[in-house]
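Asker: next come a sequence and a model predicted from it.
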Amino acid sequence: MFSFCTDPSTLPDWQWMACYLTTGVHLSLYGSVITVLLLLAVTAPVALAFGFAFASAARSQIPPLRWIAKGYIAIVRGVPDIAFFLFFVIALDQAIEFLRHKVLCPGWEQPVWQGNDFVVCQAAKMPLSTAPQWVHEGYGFAVAVFTFAIVFGAFAANVLFGAMRAVPHAQLETAEAYGMSRRQTFWRILVPQMWVYALPGLSNLWMVLIKATPLLFLLGVEDIVYWARELGGTKTPRFTDYPHGDWRMWYFLALLVFYLALTWVSEKALNRLMARLTFGQATAGGERQRKAPA
């Protein structure tokens, strides 16, 4: 990147380090930080939407809908995340390619499953081998977001379902006594109040989501942990212009600082949000705020 980086072997220490930290692979490391932050920014609202939808369905008066919602919550929460990521991504990818294979290649005569191999026509591949690199990366990122949303949506659904049940039932009965319909009671009474009870659980879930981002490598996304391991490993002059020993400790120390800073900022933001939601509410937090000026 710098003009003085033409011959790294002749550079003093600070210039050598400046050149080393601005190589193309290091730019990929910095880009992976943006990937992680973007994943969190997209996955959190999507998982919350999944959670809200299934928590509402778990309270439904329609038995099949209630059974499906409770089954989804129980199954996903009961399966280890790493096992779900390994199974679900493969199953999802094969399901998409199988459907495309049936539509795009109707004349295919060979079986799709040939022993341990899954074989479809080239036109059914997702993404196509001829697609540009950004399509492959975008597809991998979309699969990662969907997978994370499915997993953490189940936990969010469990938290929101409990929060809905924590709202005093007398308030719902009072709303119905005033002539509100079930829909009006749900949106005007239940939903606004449930967030106070749900936020502590959702806060913990957000922290767990942050810590789960290193699982991106299971989905084929080159995340910051992948690059820290690759760049920190021992490099010799034969393979790089910037030889060094085993620096993985320093790279992982940088990751430690990054994740601690991210969780610290998150905790401050969540505390402010909690203070805002509990203001004026008949909760312990609201009571502390009411007595604080006195």
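Answerer: Received, thanks.
Asker: so where do the strands sit in the stretch 1-150 of the chain?
Answerer: Secondary structure of the stretch 1-150 of the chain (DSSP state E, counting those that start in this stretch): strands located at 113-114, 117-118.
Asker: right, and Arg77 touches Ala156 too?
Answerer: No. Shown here, Arg77 and Ala156 do not form a contact pair, counting by CB atoms under 8 Å, at 10.7 Å. In this view, the C-beta of every residue, glycine as well, is placed from N, C-alpha and C.
Asker: these two: which is more packed in?
Answerer: Neighbours of Arg77 and Ala156, each counted by other CB atoms under 10 Å, are more numerous for Ala156; the result is 28 against 12.
Asker: test my guess that that one contacts Ser56.
Answerer: No. Using CB under 8 Å as the test, Ala156 is too far from Ser56 to be in contact (12.0 Å).
Asker: separation between His169 and Leu27?
Answerer: Between His169 and Leu27 the distance is 56 Å, computed by CB to CB, to the nearest Å.
Asker: show me which of those two is the more surrounded one.
Answerer: Comparing His169 with Leu27 by other CB under 10 Å, the one with more neighbours is Leu27, at 12 against 9.
Asker: now render the strands of the stretch 1-150 of the chain as CSV, adding mean pLDDT.
Answerer: Converted to CSV, the strands of the stretch 1-150 of the chain look like this (pLDDT from 0 to 100):
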stretch, mean pLDDT
strand 113-114, 80
strand 117-118, 80
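Asker: check those strands for me and report the most buried one.
Answerer: strand 117-118 (a mean of 11; mean count of other CB atoms under 10 Å).
Asker: mean confidence score for the helix or strand containing Met274?
Answerer: Following DSSP states H and E, the helix or strand that holds Met274 is helix 248-278. Along helix 248-278, the predicted local confidence has a mean pLDDT of 89.
Asker: and Pro8, what pLDDT?
Answerer: In this prediction, Pro8 has a pLDDT value of 69.
Asker: equivalent analysis for the one 10 residues further on, please.
Answerer: Ala18 is assigned 80 on the pLDDT scale.
Asker: and it, how many neighbours?
Answerer: Neighbours of Ala18 under the rule other CB under 10 Å: 14.
Asker: ok, it to Ala254 distance?
Answerer: According to CB to CB, Ala18 and Ala254 sit 16 Å apart.
Asker: next: Ala44.
Answerer: 24 Å.
Asker: what about the two, which has more around it?
Answerer: When Ala44 is set against Ala254 and neighbours are counted by other CB under 10 Å, the residue ahead is Ala44, at 19 against 14.
Asker: specify the residue ranges that define each domain of this protein.
Answerer: 30-222, 225-294 (automatic domain parsing).
Asker: can you flag the weakest of those domains by average pLDDT?
Answerer: Out of the domains of the chain, the stretch the model trusts least by mean pLDDT is domain 225-294, with a mean of 77.
Asker: which one, of the domains of the chain, ends up nearest to Thr6?
Answerer: Proximity to Thr6, assessed across those by CB to CB, is greatest for domain 225-294 (10.0 Å).
Asker: and Val221, what helix or strand is that in?
Answerer: Applying DSSP H and E as the criterion places Val221 outside every helix and strand.
Asker: neighbours of it, how many?
Answerer: For Val221, the number of neighbouring residues by other CB under 10 Å comes to 19.
Asker: right, and it touches Ala144 too?
Answerer: Yes. Under the contact definition of CB under 8 Å, Val221 touches Ala144, with a separation of 5.4 Å.
Asker: what's the closest non-adjacent residue to His136?
Answerer: Sequence neighbours aside, Pro127 is the residue nearest to His136 in space, at 5.5 Å (criterion: CB to CB, 6 or more residues apart in numbering).
Asker: tell me how many other residues surround that neighbour.
Answerer: The tally of other residues near Pro127 (other CB under 10 Å) stands at 14.
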